[in-house]
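Novice: only geometry, no sequence info:
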């Protein structure tokens, strides 16, 4: 068994070489502290020549360092307040123009399934000729090789935009983003979605036929993003509860460039 003394000096002065079965037992104990496949393999490989108790101390240092690193890299609440603070539509030019869908997160399995078959998408937002509180959003999508198009009238009020199409209502907020980019946070309610999924041959099951979906979509005038812009987008996404890699990333090999879901 490993030395019970908590003194590192005593452990170094009285080393104890463990047998492989003892090391395996030790590694299993340590793995309960660190859910890391890499660390477990490391212990099993080197333990016959090591001290399990010293390894425990070393692992504690690694855990502490990793915790400090994660804490320092995650946005603070104060940072998130600035990262996801909606922009005012007092100047509608923040959303005017043609934009390509580059990356996006969504929180519902149905919308994730739709993004999975999204080849490309673009929107062209124009000022309304009849109202200064509305804009026109022309959208073209390519889903599973099928091209779909729509024109939607978007109503602006303060920092909020609203749009309605048959069976769907959406509320938009534009968030700070990179130069030439449009970052949109969307909350949508959709009905009769099963019919759409059947038409698009999407095999995704769910109980309710009314969906409440939160999404974060990054659009750009260009087809590519810098690594720093993408990391900034991911940090903003984490502030809104998303994690991991985006559910959609634009593939340049696709010929065209979604915003409804």
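Specialist: Thanks, I have it. Not measured: the values here are computed from a predicted model.
Novice: next structured bit after the helix or strand where residue 198 lies?
Specialist: Assigned by DSSP states H and E, residue 198 belongs to helix 193-199. Counting by DSSP H and E, the next helix or strand C-terminal to helix 193-199 is strand 210-220.
Novice: ok, then the element right after that next one?
Specialist: Following strand 210-220 in sequence, per DSSP H and E, is helix 227-239.
Novice: now that following helix: mean pLDDT?
Specialist: Averaged across helix 227-239, the pLDDT comes to 97.
Novice: What strands line up against the helix or strand following that helix, and which way round?
Specialist: Sequence order places strand 248-249 as the next helix or strand after helix 227-239, per DSSP H and E. In the sheet, strand 248-249 lines up against strand 97-106 (antiparallel) (DSSP bridges).
Novice: Which residue ranges make up each domain of this protein?
Specialist: Here the domain parsing of the chain from automatic domain parsing is 8-73, 83-249.
Novice: First-to-last residue distance for the last one?
Specialist: Domain 83-249 has an end-to-end distance of 21 Å (CA to CA, to the nearest Å).
Novice: Go through the domains of the chain and pick out the most buried.
Specialist: Burial of the domains of the chain is given as mean neighbour count (mean count of other CB atoms under 10 Å); domain 83-249 ranks first at a mean of 16. The way it works is simple: take the backbone N, C-alpha and C, and place the C-beta from them, glycine included.
Novice: can you map out the helices along the chain?
Specialist: In the chain, the helices defined using DSSP state H lie at 8-13, 20-31, 37-46, 52-73, 77-83, 109-116, 193-199, 227-239.
Novice: Among those, which one carries the weakest average confidence?
Specialist: helix 37-46 (a mean of 37).
Novice: unless I'm mixing things up, residue 235 is touching residue 82, no?
Specialist: No. With contact defined as CB atoms under 8 Å, residue 235 does not reach residue 82; the gap is 11.1 Å.
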